[in-house]
Every structure is written in structure tokens, then in C-alpha cells.
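[1] Quick one, fold the following:
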Amino acid sequence: MNIRNQARSVRLRHTALAVALGMSITGGAMAQSRSAGTVFGTAEPGSTITVKSKDTGLTRTITADTQGRYRATELPIGTYTVSVNGSQSTTRDNVQVGVGGTEVDFNAQNLSAVTVSANALPSIDVSSVTSDTTLSSTVLNQVPVARDITQAAVLAPSVIPADSRYGNSVSFGGSAASENAYFINGFPVTNALTNIGSTTLPFDAINSEQVITGGYSARYGRSTGGVVNVVTKAGSNEWKAGALVTWTPESLRSTRRSIYYAPDTGAAVAGQLYLDRSIVSDTSTTYGTYVSGPLIKDRLFLYATGEWTDRSLNQGSARGTSPVAGYSKYDNKSPRWLVKVDWNINDSNILELTGISDKTGQNIDRYSYNFADSTHGTDKTGGFRYKDGGETYIGKYTSYLTDDLTLSAMYGKQDIVHYSEPFGYDPTQVNVSDARPGVPNPVTGLQPYSTLADPEAYDKTDGYRIDLEWHVGDHDLSAGYDVLNSESRAGTTTSGPGYTWTYFHTNTGETDQGGFMTTPNSDYVAKEVYANGGTFKVEQKAYYLEDRWQLTDRWLLSLGVRNDKFTNFNSDGIAYVSQSNQWAPRLGFSWDVNGDSSLKIFGNAGRYFLAMPLNVALRGAAGSTFTDQYFTFTGIDPTTGVPQGTVAINSTPYSANNEYGQAPDPRTVTAQNLKSHYQDEYILGMQQQINTSWTWGARLQYRDLKSAIDDQCDNRPMLKYMAEHNIAVDPNYSYSPDCRLFNPGENNTMLLDLPDAAGSPELVAVPYSAKDMGMYLKRRYIGLDLFLEHPFDGKWYGRIDYTISHNYGNDEGQLDSDLGQQDVSQTVLYDHAELMAYGGGNLPNDRRHVIKAYGYYSLTPEWRVGGTLVAQTGRPKQCLGYYSGSDAGAYNPPQAGTATGKDYFDNYLNYGPYYHFCNGQPVKRGGSGRLPNDIQLSLNAAYLPKWLPGLTIQADVFNVFNKQVAQNVTELGENGGPGVVYSARGRVISYDAPRSVRLTARYDFSL
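    Residues are numbered from 1 along each chain as shown. This next block holds a predicted model:
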């Protein structure tokens, strides 16, 4: 008899398994983005184990192997009865199966027949090597948290809110906000264009939200941050329905903290009001309903839900050069729905179909606003109408081919539109501006818009995957193939008929650009055409192989390898980046120290790759048109502002950068053999059950960004190559810095169009060595997570996490929170080497200490209270300015005769206030202190009256102490030149939201 199994079997948990609905389980998921669970354990060798869903009647019957082990995979999440039929008959009732592994042991029972209505789920999942937190629908509804999947993810350790300029986004373990992956029912729904944020769904449709912070298996990839995996609710054999309404009124919200210019800058506006937030008004109401039940009992099930949110927001714009600025009224409509159909074709074959709609409509009306008396006009001056979102459809088929062989296949597609329409837009009118100095009445026209976003912009995603799992002795083998295709149309075009007019004055007779001549001391007008964008695609393919090897009863080893391929296409459908044979090994282990799931030590090491999103092509590989044609004129239309009597100065349009609509040669856009963005991660952790009421654990995580992609705009290596190879500088050839994608800190080779000695152009392989470029790459994160958890015992549930970490280096990742720059993989950081001087230090997502706590308590059967706490140290600050190094302004080009001193200064030392210098002194990254500590406490209370079972009335109070702490500040310290203080230096960009109250009434009932 196995002593370990005997000890485990007699140590039955007496806590009702149904309480697992309220648990937040750490380390519980076997793999990323699973929408199914696993039941495993031990029993008498050769005995028959029956796993039956109490929700749908789905039944799986499997046989324990010669060592008594059994494993039922790809089970729809829900409540099950697990029974064994051998020399002994035993049943475990109310076994809750989530996205992780659920252990149910039957070995060595001394009773011939036992029915246990108890918790067969250990607090610790010894079958997992992943680091995650799973938030059940119970937790999401019973603690005060925003009805949003991204904000809910902040409850997980090592997850913090990202810079507010990236919207609703988070950072995992020091990564940038664009490095995360989002899934709904196993299908990726991450924003395809920028990789920031995701599609969402009716919040009450969430069954569980799994937040993976590291260590997932080779089955999944495409994330160097974290994963948010949502599994939706599904129908059962009982018809149910419900409705809710939530109301967040402005009348119960505290006054917002207004934004002022920093008082100590010495600027003329120091200490003055910048943004009056006291006039903001924001009220939202959400209505929701659902119905769920069997279309055919035990076979066909339906879950359908809809949610409508109506939000009214009024606010003024920031102070500008004029005391009259804009006042805006926002009217947001967000109708969302989800339908899920589950068909148990038979006990061996399951089909799941999910449809999701996530559409939003927004009308913005703009009015004049006067800062002096905080009043706004009543006549509409402008506005926009927006439509965003679309529909997602997912199909998944699961077949239990044998007891030991399971096949799953998934296909999904998503169509998202991005439509915008300006208020009062007349496409026949031309935008007119006047750049003539000292004109008392500058010319304007009837067209207020100069450029517009592509009104037909969209994102499309489709993909499929096939997975096969095979249990062989001590091995659980899995293999699969995964394809994801994305396409976006995006861009900008000139308003009206496709061009604008700009009036100029010339003293010398020379035009603004191009060197064309007209009469000295005269006026002329430029006809400008601008358009960029197109349709871009990214193809991602991968295959993997993984072995979960049960070395002994107590040791599990997970061995996996994944191979990713990424291909990015420009607007002409030509690949400009193709990255293949990207091998990502994964190694993990789990040690059940005592053999009874009371103490687990686990570890994980892996490599993770990430593709560039679609907007990289928009910036770097798309065709663009940017031309000017100059005219003399005899008059100006007094109404439209359009010039009259025009005569062309240059017969054909001129483009300073040769932008005539053609896409750049895709071979010249990136370095040859460009490596993907990838990261190595190492995790060592433990979890221990102190007793039946408490569990604690610790995890040490280390992340090292090994390769990144950014753009560089430094042509000095090219000029050096030309000098070394006796290629003369052509005075008619543009050597101005062009930006190209490369791997920072590595030796790169660029294919460039250089004139040879004979004057004919050819592509030349030019080395851009790391030494010549003077750059390196570093982003590291080391963090220790500690947690203490009290599972729900019928009375209360609670959890507290503490993380001490350090995020440091010279590169945040794909984004640049220094400036709030959203050009993914195309930040200002590496444009040339001088920008990176003194650039190492504490990165923007370095929050050294973070405490999180959440839970709920049932005071009586009718009253419940809950709370959440998120306390974190402030973000590092810095001061950016103009280059103040020893060679600033010097006539000292790197290669004599290859560039003028002025070009060198303008291109590399006078790029703007983006250097790590301020007040003439170097300031290292994050070297200007920190913002204040941020402590956010939220509380709620719920009333569940006995006189109407199913009714819940709840009030959530967010930010109880009204701590409106600065989330970020303007880090540009100079403007106009070294030592010239920027008036916005240190000005707050955003504060925490003020105290607010959300009121909810919910009614659930059986039909």
C-alpha cells in the first residue's frame, strides 16, 4: 500500500467545494488561455472513473492506468461529480473544475461505498508550473472593482496600471503595455493595430478571469508581458434568467483635482491653472440581462446576455495660448452582447460556438470655453462622431478519441471598424491657413479640418489552432499548430478635395522648400497634399511539442519547445520583415513535497517571443504622399479663403523626401535578418497550506529582455561607409536621416540605396555596428511576490499580496512612457546615440513596493461587505532637455567631408528636448525622485433580502479616502534650447479618479 496516497485519502477536506466559486487561486493554470479544465488523481489501478457534469450531464469514463493514475482533460469548466468503480465505490460531489487542474484522489479508501459532498480540490494545484491568479465571477461581483477585464487584472501580483496616456492598459512584470495578450474562450482578442488593450464583452458574461503573470507552457506564446484569459459562462440543464442596472452618478462623486502648472519653474505661467477639472461632469448607467438553459436537455445549451451602457461626460479643454478654449460634451453608447451555444454531440464530442459584439458609439459636441469665468458657449463650434468595435465569432470542437487521446480544434474571426465623421464637415471646402508674419487678419476658410483619419479604417483577425493530447504511461504529451492572421487599414488623408492652401511671404524670392524662385518681397501660396497609410498584414504561425512527465508520485517535469514565425507585410502586400525558426524552450517542475498537496515547490524557465503589431508598417513601411506646389496669386476669396488668379511657380508638385505615394523599398525599411522582440524569464516559487483555513506562498521572478526592435534615424554609419569606400557625396542626393527598424545593442546590416562611383543607384549592405552606434539594450525585472490567502469558509474570503521589485535598464520595451509615445517599436529612444546618453536607470514601470488586498465577509445571510486595497510607491521621475554634452554645437562631424557641421548639430544634437540632460547637467533615467505613494481603498456593502431571493442591492465606494495622487507628470524640462525652461515642466498629466459611488441592483431567478 502506498503510504503517501493513504495519507492523502484520509485527509479529506471538509470545506464545501462550492466555495471554490469564491476563491482566487494562484498557480492553478496548466497553460495559457485555456477555456477548459482538467480532473486528475489516483485510484485503484484498472478502476473506472466517471466524471459527470452536474450542469450539462456530459459524462466521461476513463480507466486508471497500471500505476493508478488518471487524467481527464479539456473538460468544460463547471461543477462535476467524480466517482470510481472498482473494488471500492466512492463518489466526490460538487467538484469545481476551473481553467487549472483539479485533483481528486480515491486511492486506499477503507470504505466500500462512500459519498463525499466535500471539497476534493486541494488548495494547491501540484499539477501546475504556471504563475497565475484566477478571479471567479463571485470575486468580481463581490469585491469593489471596475467592471472591466483590464482593471480587474490589477488585483494580480506584479500587475500595475500603465501610463494613463495608453488608455485602459496595464504593465506585467516591468513590461510595456503593448506586450500583453488577451483571450476570450481561448481566442486572441488583443488590439491588432497597436497591441494595446483588447476587445471586451458584457462583464456579467465572465465565468472566470485568469491573469497569467509568468511561466506558461509551450502551447502558447506571443507575449512578453502577461496574459488575461477570460472564460465565459455557458448554459446548463436549468433555465435561469436575470437582470441588473448599475448607476454611477456625478452627484455622488467628489470634486476632481484640477491641474496647475508647476509652481517652481520660473515660467510666466508657473502656478497658474492649466485644466479646470471642477467643471467635469460624468454619469454612466448600465442595463444588463441574460437568459440561460437547455435547448435540448443534456445535449444543447444556450447562454445569451446583453449589456447597454450610456455615459454622459462634459469637460473643458486645457488652457492654450488663447483664454478661449474648447468645452466638450461626450455622449457614449456601448451596446454589447454575447451568445454561447454548447452542443454535447455525445459524450465523446463537444462543439462550442461563441458570438460577441463589442461596439461603441460616441458623439462629441464642442463649444467655446472661457477660463476667466468658467463659462462655455451655447453655439456648437465643432465635434466628431465615432464608431468603434465589431464582432467576434469563435468555434471550438473537442473530441475524446480514447481515454488517453484528446483532440481539440478552434477557429475564430474578428471584424472591428474605426469610423470617424467630423461635425459640419463639407468635403467640397478647402482648409486654408496663413503663415505670413505680422498679417493683421490672417486668412481662414470654411474648412476647419486639415487632415482626417481614414474613415474606412478597420482591423480584422482570423486564426485557428489544432491540439492533440496523448497520455502514455508517465507522460502527458501534447503537440499543436497555431495560426493567427491580422489585417488593418489605417492612415491619414488631407481633408476636403484632398489638398490645403497655405499663404507665405518671401523676402528673398525663394519658396519655403525646394529652392523655387518668385518675386522678392512678395506673397505666394502653397498647395499641399498629404496622405499616408494603407492596408497591412501580419501572419503568425507556430508549432509546439510538450511533455508533462510524472517522474515520481511527487515530481512533475514539464518539457516543451515552441517555434514561432512572424511575417509583416507593407501596404503593397510585400513582406518587409520575416522572422522564422524562433525556438522558445520551456522547462518547469513541480515538487509535491509532502505528497499530500499541502506544500509545493515549483520553478520555470522559458523564452518568449513577440511579433510587431500592424501599426509599425503604418509608420515605417507604408506609402505616403507629401507634396507642395507653389503659386503666385492675384486675389483671395473673402468667404472661402481660396486664392484666385493662381499661376504655378513649379510646374509639378515637389516632395522634400521623395514622398509621391510609393511605398519604400521593403528591403531598406529594416535591418537584414532582424531579430524578434524576445525575453527570457526564470521563476522559483513555493506554496504551502498552513491549515484548512490559510495558504501562503512566495515567488521570485527574473525577466531579461534579450532583443528589442525600434527605429534608428542615424545616417552617420552610412556616411562613414561612403567615406571608407570612396563614394562621393552627391549634392543632389538626400542624406538626411531616414528611420529604419533595427535591433538596439546588436550589430546590424542595412541595405541602402547608395550611388556608386559611376552614379547608378544600387542596394549596398552597410554595417551599422553596435560600437559605431554607441548603443546598448537593457530591461530587467526582478520581483519577489508574497501572498496569504483565506479560502471562503461560508463566512469570509480574503487575500493579501506584497511585491517588492526593481525594473531597471534603458528601454521600457515597445513603448516610451517618458513621452507617452504610442508608436509601438518606433520610439524616439534609439533615433541616435546621443539620445541614450545617461539613459540607464529606473524605468517608468518601476513600482518598488506594492501591496494588494481584497476580500468579502458575510455579516448575516442578508448582509455582505467587501473591499479592495492597492497601495504602491510612486513612479520614477526624470527631466529631459537638450543635449549639453562636451561636443554640443561643435563643428565636429564624425567623418570629415561627409556632412556639414550644421547638419550634424541639427540632426544629432538639436533633435529636440529628448536628451537626458536638464539645466546643462546630465540627469540619468528616473533620477529626479519619485511621485507620491498611491493608496487606493475601495469598499462595498450588499443587501440580499430574504423576502425576495435572488435580489442583490449593492453600493460600491471607490477611492474611499479620495486620494487623488499624480499618476504621471510632464518630463520634458526644456523648450527652445538648453537652459530654456519648458513652461509645462513637472506639470501633472493625470490624477487618480476621485471618490465615486456605483449603485447596483441585480435580480437572478430560475424559470
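[2] What's the mean pLDDT across the host helix or strand of residue 683?
    For residue 683, the host element (DSSP states H and E) is strand 677-689. What strand 677-689 shows for mean pLDDT is 97.
[3] again, but for stretch 869-889
    pLDDT averaged over stretch 869-889 gives 85.
[4] gap between that stretch and the chain center?
    Remark: stretch 869-889 is offset 24 Å from the chain centroid, using Cα atoms, centre = their mean, to the nearest Å.
[5] do stretch 486-500 as well
    For stretch 486-500, the distance to the chain centre is 26 Å (Cα atoms, centre = their mean).
[6] Which is the succeeding secondary structure element to the strand holding residue 683?
    With DSSP H and E, the next secondary element past strand 677-689 is strand 695-707.
[7] Which residues does whichever helix or strand comes after that next one contact?
    Sequence order places strand 710-712 as the next helix or strand after strand 695-707, per DSSP H and E. The contact list for strand 710-712 (Cβ atoms under 8 Å, 6 or more residues apart in numbering) reads 619-620, 739-742, 744, 768, 773, 811, 825-827, 829-832. For every residue, glycine as well, the C-beta is placed using N, CA and C.
[8] What's the PyMOL line that selects buried ones from the residues you listed?
    Only the buried members of these enter the following PyMOL selection, criterion being 16 or more other Cβ atoms under 10 Å:
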select buried, resi 619+620+739+740+741+742+744+768+773+811+825+826+827+829+830+831+832
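[9] Tell me which of the contacts of strand 710-712 fall in strands.
    Assigned to strands by DSSP state E, the following of the contacts of strand 710-712 qualify: 740, 741, 742, 768.
[10] which one among the residues you listed gets closest to residue 347?
    Taking Cβ to Cβ as the measure, residue 741 is the one of the ones in strands among the contacts of strand 710-712 closest to residue 347, at 52.0 Å.
[11] Can you tell me how far that closest one is from residue 715?
    With distances taken as Cβ to Cβ, to the nearest Å, residue 741 is found 15 Å from residue 715.
[12] Let's see which of the contacts of strand 710-712 end up in helices.
    619, 620, 773 (DSSP state H).
[13] residue contacts, the last one?
    Shown here is residue 773, whose contacts under the criterion Cβ under 8 Å, 6+ apart are 712, 714, 717, 833.
[14] Can you list the strands that the strand or helix carrying residue 409 pairs with?
    In this structure, residue 409 is located in strand 405-422 according to DSSP H and E. Strands adjacent to strand 405-422 in the sheet, as given by DSSP bridges, are strand 382-400 (antiparallel), strand 457-472 (antiparallel).
[15] export the ones you listed to TSV and tack on distance to residue 748, mean neighbour count and mean pLDDT?
    As requested, the strands paired with strand 405-422 are arranged in TSV below (distance: least, Cβ to Cβ, whole Å; neighbours: other Cβ atoms under 10 Å; pLDDT from 0 to 100):
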stretch	distance to residue 748	mean neighbour count	mean pLDDT
strand 382-400	37	19	94
strand 457-472	30	19	96
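[16] and of those strands, who's closest to residue 53?
    strand 382-400 (13.1 Å).
[17] Could you pull up the mean pLDDT of the strand holding residue 409?
    On average, the pLDDT along strand 405-422 is 95.
[18] In PDB, list the C-alpha atoms belonging to it.
    Taking C-alpha atoms only, strand 405-422 is exported to PDB below (Å, rounded to 0.1, in the frame of the first residue of the first chain):
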ATOM      1  CA  LEU A 405      -6.100  10.700 -26.600                       C
ATOM      2  CA  THR A 406      -7.900  14.100 -26.900                       C
ATOM      3  CA  LEU A 407      -8.200  16.300 -30.000                       C
ATOM      4  CA  SER A 408      -9.200  19.900 -29.900                       C
ATOM      5  CA  ALA A 409      -9.600  22.400 -32.800                       C
ATOM      6  CA  MET A 410     -10.500  26.100 -32.700                       C
ATOM      7  CA  TYR A 411     -11.300  28.700 -35.300                       C
ATOM      8  CA  GLY A 412     -12.200  32.300 -34.700                       C
ATOM      9  CA  LYS A 413     -12.500  35.600 -36.600                       C
ATOM     10  CA  GLN A 414     -13.000  39.200 -35.600                       C
ATOM     11  CA  ASP A 415     -14.000  42.300 -37.600                       C
ATOM     12  CA  ILE A 416     -13.500  45.700 -36.000                       C
ATOM     13  CA  VAL A 417     -14.400  49.100 -37.600                       C
ATOM     14  CA  HIS A 418     -12.900  52.500 -36.700                       C
ATOM     15  CA  TYR A 419     -15.200  55.200 -38.200                       C
ATOM     16  CA  SER A 420     -15.000  58.900 -37.600                       C
ATOM     17  CA  GLU A 421     -17.000  61.800 -39.100                       C
ATOM     18  CA  PRO A 422     -16.300  65.400 -38.200                       C
END
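[19] So which bits of that strand are buried?
    Across strand 405-422, burial judged by 16+ other Cβ under 10 Å covers 406-408, 410-414, 416-418, 420, 422.
[20] for stretch 354-365, same thing?
    In stretch 354-365, counting by 16+ other Cβ under 10 Å, buried: 354, 356, 357, 358, 359, 360, 362, 364, 365.
[21] what about the strands in the stretch 751-900 of the chain?
    Remark: strands assigned in the stretch 751-900 of the chain by DSSP state E, counting those that start in this stretch are 761-768, 779-790, 796-809, 841-842, 849-860, 863-872.
[22] right, and these - which one's nearest residue 475?
    Here strand 779-790 is closest among those (Cβ to Cβ), at 30.9 Å.
[23] pretty sure residue 989 contacts residue 164?
    Yes: counting by Cβ atoms under 8 Å, residue 164 is a contact partner of residue 989 at 6.7 Å.
[24] which residues are common contacts for those two?
    Counting by Cβ under 8 Å, 6+ apart, the residues touching both residue 989 and residue 164 are 967, 968.
[25] any idea how far residue 187 is from residue 199?
    Residue 199 is 10 Å from residue 187, by Cβ to Cβ.
[26] what angle do the longest strand seen in the chain and strand 457-472 make?
    The residue-count maximum for a strand in the chain (DSSP E) belongs to strand 522-550. Angle of strand 522-550 versus strand 457-472, following axes from the mean of the first three to the mean of the last three Cα atoms, to 10 degrees, is 10 degrees.
[27] List the buried residues for the stretch of helix or strand residue 211 belongs to?
    Assigned by DSSP H and E, residue 211 belongs to strand 206-214. For strand 206-214, the neighbour count (16+ other Cβ under 10 Å) marks 206, 207, 208, 209, 210, 211, 212, 213, 214 as buried.
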